[in-house]
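Novice: Any chance you could fold what I've pasted below:
(one chain, ligands or ions: 1)
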Amino acid sequence: MNQFKLNCKQVERLIPDYINSKLSDEDTKALIEHVENCPSCKEELTIQYLVFEGLNDVEETGDFNLITRLNARLKQDSDRFKEMHRRRLMFISLGILALCFVMFVVAVLLI
Ligand SMILES: [Zn+2]
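Specialist: Modelled structure (predicted):
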């Protein structure tokens, strides 16, 4: 899926794959961006995560720990994409700067 923005229905379908870490970076990014701004999908993700993780380790942890873990994971993924975005912006800025410099040099040479 190459869409940048997802609607709630699409997010709902992606949630199981997100929990199982099967989503592509692109889909993960889109899902997190949606969930950060959509309380009902965040709730859906939380419920599915609790069910999934709860089945995995019923006795090990309580709900509270699971929610903390989910939030930690969401934050971790979100930070990762923000860092990628920051680097891309820096790269573009450097490119523009380099271009300005070249244009400046050309202008000076022509005068
Ligand atoms: Zn939604």
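Novice: give the contact list for C41.
Specialist: Each residue near C41 by C-beta atoms under 8 Å, 6 or more residues apart in numbering is listed here: 8, 11-12, 15, 34-35. (Glycine included, C-beta is placed from N, CA and C.)
Novice: PyMOL command for the buried members of the residues you listed?
Specialist: Here is the PyMOL selection string for the buried members of those, based on 16 or more other C-beta atoms under 10 Å:
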select buried, resi 11+15+34+35
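Novice: restrict the contacts of C41 to those near the ion?
Specialist: C8 (C-beta under 5 Å from the ion).
Novice: Serialize the contacts of C41 to JSON lines and add fields for secondary structure and pLDDT.
Specialist: Output for the contacts of C41, formatted as JSON lines (DSSP: H, G, I helix; E, B strand; the rest coil; pLDDT from 0 to 100):
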{"residue": "C8", "secondary structure": "helix", "pLDDT": "96"}
{"residue": "V11", "secondary structure": "helix", "pLDDT": "95"}
{"residue": "E12", "secondary structure": "helix", "pLDDT": "95"}
{"residue": "I15", "secondary structure": "helix", "pLDDT": "96"}
{"residue": "H34", "secondary structure": "helix", "pLDDT": "95"}
{"residue": "V35", "secondary structure": "helix", "pLDDT": "95"}
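Novice: What separation is there between the spatially most central residue of the chain and the ion?
Specialist: In the chain, the C-alpha closest to the average C-alpha coordinate belongs to K29, at a distance of 2.9 Å (C-alpha atoms, centre = their mean). From K29 across to the ion, the span is 15 Å (C-beta to the ion, to the nearest Å).
Novice: And the helix or strand of the chain with the lowest mean pLDDT, what's buried?
Specialist: Within the chain, no helix or strand scores below helix 39-56, which has a mean of 88 by mean pLDDT, DSSP states H and E. Residues of helix 39-56 classed as buried by neighbour count (16+ other C-beta under 10 Å): 41-42, 44-46, 48-49, 53.
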